[in-house]
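S.K.: everything below, folded, please.
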Amino acid sequence: MNIDRRQLALPALALGLLSVVPAFAGADEDAVAKNVETFRAGQAAGNAEAIASLCADDLSYSHSNAKVDTKASLLDGIAKANYKWTSLEYKDPTIRVVGPTAIVRFNFVGEQEFTDGKKTPQNLHILMNWQKQGNDWKLLSRAATKL
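M.R.: Residues are numbered from 1 along each chain as shown. From the prediction side, this is the model:
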């Protein structure tokens with residue numbers, strides 16, 4: 001059996017490309033993970049400005065009570081909130097990058113304290129969809145389900 005260089009080149013090229021793909025996916029996953037944590041920290045602090053730069057202009061943000069916010073109404077709600085977070089964790093996050101989209105899931109566990117002193121625990125399952133826009137990952141949609 002005779003094997004020439006062309007027959008060897010294609011498998012070598014394919015193996016080379018496969019080794020590069022996970023590096024890009026890992027970098028994207030890291031970037032999304034950083035944005036998710038920045039979003040959580042901004043949410044916990046009630047900092048609408050920190051969250052604004054992470055949200056897509058076409059954001060669809062649904063709450064566990066079925067209320068749906070746009071980017072503008074979400075930021076307004078954060079700025080005018082009558083509560084503060086006494087704790088807020090995103091537990092067991094998973095991130096899956098699929099092309100220019102990232103699917104993020106986690107358990108949202110925290111406690112809100114309202115201005116009247118009432119405390120309300122939160123235990124939700126969250127699905128976030130992030131979209132790569134240029135070099136940045138932006139939150140495109142979010143859905144919450146009570147646990």
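S.K.: all helices for the chain, in order.
M.R.: Here the chain has its helices, by DSSP state H, at 5-45, 48-52, 71-79.
S.K.: those: lowest mean pLDDT?
M.R.: Note on the helices of the chain: helix 5-45 shows the lowest mean pLDDT, a mean of 70.
S.K.: distance of residue 65 from residue 145?
M.R.: 11 Å (Cβ to Cβ, to the nearest Å). Using the backbone N, CA and C atoms, a C-beta is placed for each residue, glycine as well.
S.K.: the more surrounded of those two?
M.R.: Shown here are residue 65 and residue 145; by other Cβ atoms under 10 Å, residue 145 has more neighbours (11 against 7).
S.K.: so the more buried one is in contact with residue 63, correct?
M.R.: No - using Cβ atoms under 8 Å, residue 145 is not in contact with residue 63, being 10.2 Å away.
S.K.: nearest residue to the residue nearest to the spatial centre of the chain in space, please, no chain neighbours.
M.R.: By Cα atoms, centre = their mean, the chain has its centre lying nearest to residue 36, at 4.5 Å. If you skip the residues right next to it in sequence, residue 36 has residue 104 as its closest partner in space, 5.8 Å away by Cβ to Cβ, 6 or more residues apart in numbering.
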